[in-house]
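**Q** Give me coordinates for this.
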Amino acid sequence: MFNRKLLQKTSKALVAVMLLAMMLPSLAFAGVSFSGSFAYNGKITGNIAFDGAVGDAVYGSESVTLGVYNQDGTFIKEITVTGGTYANGKTTFNVNDSITNSVYSVVYFVYQDSISNHVYRAKAPAPGGGGGWGGGGGIPSSGDTVRSFNGSVSANELKNALDQYDHVTIEFTGDTVTIPASGLMEADEDKWLTIKNENGAYILQLRAIDLEALAKRHGIEVKDLRLSVQIKKLTGDEAQPITDAVEALDGKALSAPVDFQIWSVGTNGQKQAVQSYNQYVKRTMPISDEPSKQATVAYYNPDTKSLGFVPGIFEDSEANFWRTGDSVYIALEVSKQFEDSVNHWAKTYIETLSSKLIIDGVTDQLFEPDRNITRAEFAALVVRALGLTPADEQAFKDVSSNDWFAGVVGAAAKAGIVDGYEDGTFRPNAQITREELAAMVVRAYRYAGGDVTVTASEQTRILAAWSDANRIVWGHEVVAVAVKAGLMDGMTNTTLETYGQATRAQSAAMLYRFLSKVQFME
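**A** Numbers count the residues shown, from 1 in each chain. Take a look at the predicted model:
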């Protein structure tokens, strides 16, 4: 197998390549070009083509190893591309890889002394404009209703409805309905589907479910695939573990627990859970009592037998909530207070986020608001605040699968919320600075659909208002965004103290502001 040696990852070689790219752009960018997509979750798919002398060099190779670099020249990782084909003077390889250990927005590929075009990361898809994920303002009104018959819907009726309308509702009785993928496969992925019964509803864009990937795992074509959708109110023994989890929190249930699940079904009847989606999926369920400010929606984790926060708001005797995965959900109220936070400036933030199951006290009575917080601890809070499921994502060499924070750091890395250091470490036990805090909150804000940007002139003007802005190390843009969006306050009227170590209270305050602004909570 022919395989050229990658450009060495030394600063000297990198500088040489970058100088070559600046002085001879026609040469540096000749020979290597990428076409495809860089998804918001870090997935890069497409093709990389080699032509000219470089194409001649790789002709006949089964695979080629490339370097992936950030736009500022920072080395990210190596990838190997395969499936080389030759046509029209170019040798083309398939790219199917992920960049999940950072939030790089622009990358490029390097092979020998050739640099590809820049590849821009897509923004996280939000279901509606203006209000972030939670606002839902961009969801069109349903234009047609398709009703189930004997537990399934007609593929032709569904296809015709989606041909005419941007949003179609499927109504069914009972707990489960079967939807043929053939009724969905020709519809534009930007169209919407509501699937509802008396227990609740899914409201999702068609792009949220990758039908081709689901069909592939069954070894069938999309036209032969079916989706089985369950929205089931749990009672009796099925509901008992969730009831026990509410009681363990001294909470009050505001709804019955409802099991939301979607399975893909093959031609042999085999079912596989979809489990997670390409974006947040909205769900609704009825509530039985008037909610207070402490009310929240939670999902049940059967492994830990505990409840976790789900982004959501309450409207018209109904809980509206968003999550990327399926589970059993329940609305509840929990009231939390801590002796050492009663007269603290962050009292409201601490008690609200505690009642939402996002932050915990050090004990039942103490929160220790002025204690510093580590990078791993804050990553855990952000993952909870986004309603993400811990992920087995080994993104950093100093995070072991046995560490308590491995799953939350993996989820944060996969979502592009956390960034590592140049040596490939995360430094989970290092105390987080206010600059790092701002960066992680801004990334979470953007992941949740928050849309605030700053121009170069705005950034200069915003930071000029603070006498210690010259002490920002690298996060000038994210700090300016955090200030503009109202996520970050100064420590005094004239100082930001981004170099200072963040406290548990400051972390709670920034998370509270972020969640409120994207309408992830009341």
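
**Q** contacting residues around P311?
**A** 133-134, 280, 297, 321-323, 385-387, 448, 515, 518, 520-521 (C-beta atoms under 8 Å, 6 or more residues apart in numbering). All C-beta spots, glycine's among them, are computed from the backbone N, C-alpha and C.

**Q** Grab the most central residue of this structure for me.
**A** The centroid of the chain falls nearest to A415 when counting by C-alpha atoms, centre = their mean (4.1 Å).

**Q** Name the next helix or strand downstream of the least confident helix or strand in the chain by mean pLDDT, please.
**A** For the chain, counting by mean pLDDT, DSSP states H and E, helix 25-28 ranks last in confidence among helices and strands (a mean of 37). Later in the chain than helix 25-28, the nearest helix or strand by DSSP states H and E is strand 32-38.

**Q** So which other helices or strands are in contact with the helix or strand that that following strand is followed by?
**A** Remark: after strand 32-38, the chain's next helix or strand is strand 43-50, criterion DSSP H and E. Applying 3 or more C-beta pairs under 8 Å, 6 or more residues apart in numbering; DSSP states H and E, one finds that strand 43-50 contacts strand 32-38, helix 52-58, strand 90-98, strand 106-111.

**Q** Let me see the mean pLDDT of strand 43-50.
**A** Across strand 43-50, pLDDT averages out at 86.

**Q** and that strand, C-alpha only, in PDB?
**A** Presented in PDB, the C-alpha positions along strand 43-50 are these (Å, rounded to 0.1, in the frame of the first residue of the first chain):
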ATOM      1  CA  LYS A  43     -18.700  15.100  11.500                       C
ATOM      2  CA  ILE A  44     -16.700  15.700   8.300                       C
ATOM      3  CA  THR A  45     -18.000  13.800   5.200                       C
ATOM      4  CA  GLY A  46     -17.300  14.200   1.500                       C
ATOM      5  CA  ASN A  47     -14.500  13.800  -0.900                       C
ATOM      6  CA  ILE A  48     -10.900  15.000  -1.100                       C
ATOM      7  CA  ALA A  49      -9.500  15.200  -4.600                       C
ATOM      8  CA  PHE A  50      -5.800  15.200  -5.700                       C
END
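
**Q** Provide the strand pairings for that strand, with the direction of each partner.
**A** Partner strands and pairing direction for strand 43-50 (DSSP bridges) are strand 32-38 (antiparallel), strand 90-98 (antiparallel).

**Q** M185: which of these is closest?
**A** The minimum distance between M185 and those falls on strand 32-38, with 20.1 Å, by C-beta to C-beta.

**Q** Contact partners for M488?
**A** Each residue near M488 by C-beta under 8 Å, 6+ apart is listed here: R434, A438, V441, V479, A482, L496, M510.

**Q** Okay, and which of these map to helices?
**A** Residues of the contacts of M488 located in helices (DSSP state H): R434, A438, V441, V479, A482, M510.

**Q** Which pair of those residues spans the longest distance?
**A** V479 and M510 (11.9 Å).

**Q** Need the residues touching each of the two.
**A** Taking C-beta under 8 Å, 6+ apart as the contact rule, the neighbours common to V479 and M510 are A438, M488.

**Q** What are the boundaries of the helices in the stretch 101-250 of the chain?
**A** 132-135, 155-164, 211-218, 236-248 (DSSP state H, counting those that start in this stretch).
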